[in-house]
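**Student:** sharing a model prediction with you, sequence too.
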Amino acid sequence: METKATEIVLFADTLEENTEKHYGILFENGFILCFCCGGYIEPGNYIIIEHCDWDNIYETILKNY
């Protein structure tokens, strides 16, 4: 079954002692694909700080990476 991406989010990983903020893609199943490390963050292991608009994804990536 295919899981669709829903939006770009700014999040903090709650499993890490360092709560550094990262951007990633939030999927329908609740997983986030982290732009920083390329790993998947499981539902319940992150806090979403900001929901980003798909229309501004290019600008968001350029501004932060």
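**Tutor:** Okay, I see it.
**Student:** C-alpha only now, for contacts and for neighbours.
**Tutor:** Fine.
**Student:** contacting residues around the most centrally placed residue in the chain?
**Tutor:** The structure's the chain has its C-alpha centroid closest to residue 24; by Cα atoms, centre = their mean the separation is 2.5 Å. Shown in contact with residue 24 (Cα atoms under 8 Å, 6 or more residues apart in numbering): 8, 9, 10, 11, 32, 33, 34, 35, 36.
**Student:** from these, pick the one nearest residue 54.
**Tutor:** residue 8 (6.7 Å; Cα to Cα).
**Student:** got a quick ChimeraX command for the buried subset of the contacts of residue 24?
**Tutor:** Those of these that count as buried under 16 or more other Cα atoms under 10 Å are selected in ChimeraX with:
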select :8,9,10,11,32,33,34
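**Student:** go through the protein and flag its longest strand.
**Tutor:** Across the chain, the strand with the greatest residue count (assigned by DSSP state E) is strand 5-13.
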